[in-house]
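Q: Curious how this folds, go ahead:
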Amino acid sequence: MKVLALIVGIAACGVTTFAEAPPVKPVRGEDLIVTPAKAPGLIVHNLFQSDMVLQRSKPIRVWGWSDAGDAVTVTIGEKSASTKAGDDGRWEATLAAMEASRDGIVMTVKGKASELRFDNILIGDVWVLGGQSNMEFPIAKVENGQLEIVSARYPEIRLMTVPSEAAGAAKQNFPRIYEWSDWSKQHFRKGFWDVCAPDTVAEMSAIGYVFGRRLHMASGVPIGLIDASVGGTAVETWTPLDRIRGIDDPEVKEMLAEQDQKVAAWDPAKELQNAITRYEGRLAQLKKQGKDVPPDMKLPTDAGPGPRADRNFPGNCYQGLIAPLRGLEVKGAIFHQGYNNCFAFSKGIRIYSKVFPEMIRSWRETFNDPSLPFGIISLCTEGELQTDDNYLEMMANVGPELREVQYRTFLNLQKAGDKNIGYASSFDLHRRWYHPQLKIPAGERIARWALTTQYGMRLQWEPAQIEKVVPEDGALVLTFTTQVGAVDDGSGAMKGFAVAGEDRHFQPAEATYLVTGKDDRGKPTEDQKMVVLRSPLVAKPLHFRYAWGRNPMANVQLSGHSDVPLATQRSDQWDVFEVPVQAQGSSDGEKFKKVREALQKDDLERRMYEARKLLESHGS
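A: Numbering: from 1, shown residues only. Below is the predicted model:
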């Protein structure tokens, strides 16, 4: 792909002052790189720009490059710090922490022969947004997104999207770029800090923007949002490769061995010849059809970078998007991902369970804070809605397995004393497309966690937890940490639970509160922290599952109109190929087909049983 470059500076009186690039019009299909923060003998990391937000209440680190041994002085407002460039030319200055400031201040970086000036900088809270396409998905494309855009007049919110550059080695910097997207057929402006306004917010992460907007509206603190998400990526690409290699798990090691084998087996000469053969075949086909050859169809001359440069090679997105931010002080991060890890069925989910906690630890290390606030947003919905008719068939999906791992990761960290780990479900925001456009509630839901734990607000965010699961008289009794109930939409009963016995045949469960006695009028009294699960088709239930479907039928939440769903969870550890039968086959696809057929059969038998009971109740 052709790349253009533009360097902008204004020289006066021996001082080079940074100026934003003038309006440009990128050429369709081409990336346009803009590199303005550069002066003779002095470069500042692209994180540091006019209109940015610097993290309050933590030391402020600013860094860049110059000639070895050169003295560099950084001044922010009335505070200054001096340093010298090392033998590799890198310098870093650390200024004392500053309190939040809603008034724009100036930062200057002065080198041996030149000086760079950055204006309108705020001191506030910086949040990193991570994940794949459902975090990346822009506010312009979501339901009610246009309303958000015309309302986005928040000059104390600042926005940046990091360019999506996966890399085999840690990047020290990132470009400022008008990045062409073949998928969207448009340019995306990345690597620039922008003041939040209707004409700058449209391409910003929808979930991230709504999250930041709520934080700013409630706290009054300036908010900086850095979106570092890339579509179609797995959790292992967001985790440093050396951290993954240190995980002592046979399936993780097998996954790494498979990736290493791809690299070892890659033959650039062979790949180039294959590309030429495909080109010649396509050329011959066009000529036979009497069609013109497209102007962008060229004879291949390069085999490409190979599998080591794949965005999903373990560590690559971390190296390309997170590593360049290393050393930046931030307030916290939120993360919304999981879709790509479902392609490897239950094995992929087990690997996720080992890698995800290491990913969180590595990000905290990157941002200099072992207790960095980190909010998890669970995997979103996709596909056909689970109903009474297809209930069990829709359980044949590893999406809920992944959500359960995300929730269990949250619980494990929390129970280990982590007070800064957060969680928000998104499975109840039902849409069929794998990019569900109902994003605004997800952003507001994770904002409630941050506002409560980091800003001192009193909001409900934490899902009810199950303390005990006890088999009792042909039922399972669940004891919760707080009262729960069905969403008050007129449907009545709590839905979304299923139970199974030793035979692993799940059935939807009737969920009722435990009756504890009668009141003085003779009416039953109920304990709304205790839910009893029963199914006439499961005589001795041992295990339960909740919200077990990619697009699940589930409506239990905290009582009190809280909009905090009970998280996807289960008490068993059976994988998708073990319920309700131990599936055999030569491939995962074949085994999955057998499982789905068995579940369809169980659905049919249940519906027939219910039909017979209905007829009996009417005397037929």
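Q: At which residues are the helices of this protein located?
A: Under the criterion DSSP state H, the chain contains helices at 133-136, 145-150, 198-201, 206-219, 241-245, 250-265, 268-289, 316-317, 345-366, 399-415, 440-455, 588-617.
Q: Reformat those as CSV; add mean pLDDT and distance to residue 167.
A: Backbone N, C-alpha and C define where each C-beta goes, glycine included. Formatted as CSV, the helices of the chain follow (pLDDT from 0 to 100; distance: least, CB to CB, whole Å):
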stretch, mean pLDDT, distance to residue 167
helix 133-136, 95, 18
helix 145-150, 96, 31
helix 198-201, 96, 27
helix 206-219, 98, 22
helix 241-245, 97, 11
helix 250-265, 95, 15
helix 268-289, 91, 19
helix 316-317, 96, 6
helix 345-366, 97, 15
helix 399-415, 98, 26
helix 440-455, 97, 28
helix 588-617, 94, 31
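Q: Residue 491 is nearest to which of these?
A: With CB to CB as the measure, helix 588-617 is the member of the helices of the chain nearest residue 491 (17.8 Å).
Q: Residues in contact with stretch 479-490: which ones?
A: 428, 464-470, 492-495, 528-531, 555-561, 566 (CB atoms under 8 Å, 6 or more residues apart in numbering).
Q: How far does it stretch from one end to the other?
A: Distance between the two ends of stretch 479-490: 25 Å, counting by CA to CA, to the nearest Å.
Q: Also stretch 128-146?
A: 24 Å.
Q: circling back: so which of the helices of the chain comes closest to residue 100?
A: Comparing the helices of the chain by CB to CB, helix 206-219 comes nearest, at 9.0 Å.
Q: so what secondary structure elements neighbour the closest one?
A: Applying 3 or more CB pairs under 8 Å, 6 or more residues apart in numbering; DSSP states H and E, we find helix 206-219 packed against strand 115-131, helix 133-136, helix 145-150, strand 154-161, strand 223-229, strand 332-336, helix 440-455.
Q: What residues of the fifth one count as buried?
A: Just to be clear, that refers to strand 223-229. 223, 224, 225, 226, 227, 228, 229 (16 or more other CB atoms under 10 Å).
Q: Which of these sits closest to residue 105?
A: Using CB to CB, the buried residues of strand 223-229 come closest to residue 105 at residue 224, 14.1 Å.
Q: So the residue lying closest to that closest one once chain neighbours are set aside versus residue 154, what's the distance?
A: Setting aside the residues directly before and after it, residue 224 is nearest to residue 53 in space (CB to CB, 6 or more residues apart in numbering), at 2.9 Å. Noted for residue 53: a distance of 12 Å to residue 154, by CB to CB, to the nearest Å.
Q: Compare those two and say which is more crowded by neighbours.
A: Between residue 53 and residue 154, residue 53 has the larger neighbour count (other CB atoms under 10 Å), namely 28 against 19.
Q: Residue 131: neighbouring residues, count only.
A: Residue 131, neighbours per other CB under 10 Å, totals 28.
Q: actually residue 412, not the one I typed
A: Residue 412 has 13 nearby residues by other CB under 10 Å.
Q: per-residue confidence averaged over stretch 40-48?
A: Per-residue pLDDT values over stretch 40-48 give a mean of 92.
Q: Identify each buried residue in that stretch, please.
A: In terms of neighbour count (16+ other CB under 10 Å), stretch 40-48 has its buried residues at 41, 42, 43, 44, 45, 46, 47, 48.
Q: what does stretch 337-347 give?
A: Quick answer for stretch 337-347 (16+ other CB under 10 Å): 337, 338, 339, 340, 341, 342, 344, 345, 346, 347.
Q: returning to that earlier point: out of the contacts of stretch 479-490, which end up buried?
A: Using 16+ other CB under 10 Å, the buried members of those are 428, 464-466, 494-495, 529-531, 555-559, 566.
Q: Identify, from those, the entry nearest to residue 326.
A: Of those, the one sitting nearest to residue 326 (CB to CB) turns out to be residue 465, at 34.8 Å.
Q: Could you find the closest non-adjacent residue to the closest one?
A: What sits nearest to residue 465 in space, not counting adjacent residues and going by CB to CB, 6+ apart, is residue 481, at 4.6 Å.
Q: confidence score at that neighbour?
A: Confidence score, pLDDT, at residue 481: 96.
Q: Could you do residue 560 as well?
A: For residue 560, the predicted pLDDT is 81.
Q: Would you check that it makes contact with residue 459?
A: No - between residue 560 and residue 459 there is no contact under CB atoms under 8 Å: 12.0 Å.
Q: coming back round to it: farthest pair within the buried residues of stretch 40-48?
A: 41 and 47 (20.0 Å).
Q: now the helices and strands packed on helix 206-219 in TSV, with distance to residue 382?
A: Below are the helices and strands packed on helix 206-219 laid out as TSV (distance: least, CB to CB, whole Å):
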stretch	distance to residue 382
strand 115-131	15
helix 133-136	10
helix 145-150	20
strand 154-161	24
strand 223-229	18
strand 332-336	14
helix 440-455	14
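Q: Out of the ones you listed, flag the one nearest residue 599.
A: Closest among those, using CB to CB: helix 133-136, at 26.9 Å.
Q: just checking, what packs against the closest one?
A: helix 206-219, strand 223-229, strand 332-336.
Q: Contacts for that helix next, please.
A: 129, 205, 207-208, 227, 229-232, 334-337, 339, 377, 380, 435-436, 439.
Q: Let's see that with 10 Å instead.
A: Here helix 133-136 makes contact (CB atoms under 10 Å, 6 or more residues apart in numbering) with 129-130, 161, 164, 183, 188, 203-208, 227-233, 334-340, 377, 379-380, 382, 426, 434-437, 439, 442-443.
Q: nearest residue to residue 169 other than its sequence neighbours?
A: residue 319 (6.1 Å).
Q: That neighbour: what's it in contact with?
A: 165, 166, 167, 168, 169, 170, 171, 237, 240, 241, 313 are the contacts of residue 319 under CB under 10 Å, 6+ apart.
Q: That one and residue 340: what is the separation?
A: 18 Å.
Q: burial count for residue 59?
A: Neighbour tally, residue 59, other CB under 10 Å: 13.
Q: Quick check: it touching residue 76?
A: No - counting by CB atoms under 10 Å, residue 59 stays clear of residue 76, with 11.7 Å between them.
Q: Overlap of the contact sets of those two?
A: 95, 96, 98.
Q: which of these are buried?
A: 95, 98.
Q: any chance of the shared contacts of residue 59 and residue 76 in CSV, with pLDDT and distance to residue 453 too?
A: Below are those laid out as CSV (pLDDT from 0 to 100; distance: CB to CB, whole Å):
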residue, pLDDT, distance to residue 453
95, 97, 27
96, 97, 26
98, 97, 23
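Q: can you tell me which of the shared contacts of residue 59 and residue 76 are in strands?
A: Counted as lying in strands by DSSP state E, out of the shared contacts of residue 59 and residue 76, are residue 95.
Q: Serialize the shared contacts of residue 59 and residue 76 to JSON lines and add fields for distance to residue 296.
A: Formatted as JSON lines, the shared contacts of residue 59 and residue 76 follow (distance: CB to CB, whole Å):
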{"residue": "95", "distance to residue 296": "49"}
{"residue": "96", "distance to residue 296": "53"}
{"residue": "98", "distance to residue 296": "50"}
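Q: any idea how far residue 516 lies from residue 529?
A: 11 Å.
Q: again with residue 104
A: 51 Å.
Q: isn't residue 220 right up against residue 100?
A: Yes - when contacts are counted by CB under 10 Å, residue 220 is listed as touching residue 100 (8.5 Å).
Q: picking up where we left off before, please identify every residue contacting each of residue 53 and residue 154.
A: Joint contacts of residue 53 and residue 154 (CB under 10 Å, 6+ apart) are 222, 223.
Q: How far does stretch 518-536 sit from its chain's centre?
A: 40 Å (CA atoms, centre = their mean, to the nearest Å).
Q: What is the least confident helix or strand in the chain?
A: strand 3-6 (a mean of 34; mean pLDDT, DSSP states H and E).
Q: which of the helices of the chain is buried the deepest?
A: helix 316-317 (a mean of 26; mean count of other CB atoms under 10 Å).
Q: Return the list of helices and strands in contact with that one.
A: Contacting helix 316-317 under the criterion 3 or more CB pairs under 10 Å, 6 or more residues apart in numbering; DSSP states H and E is no other helix or strand.
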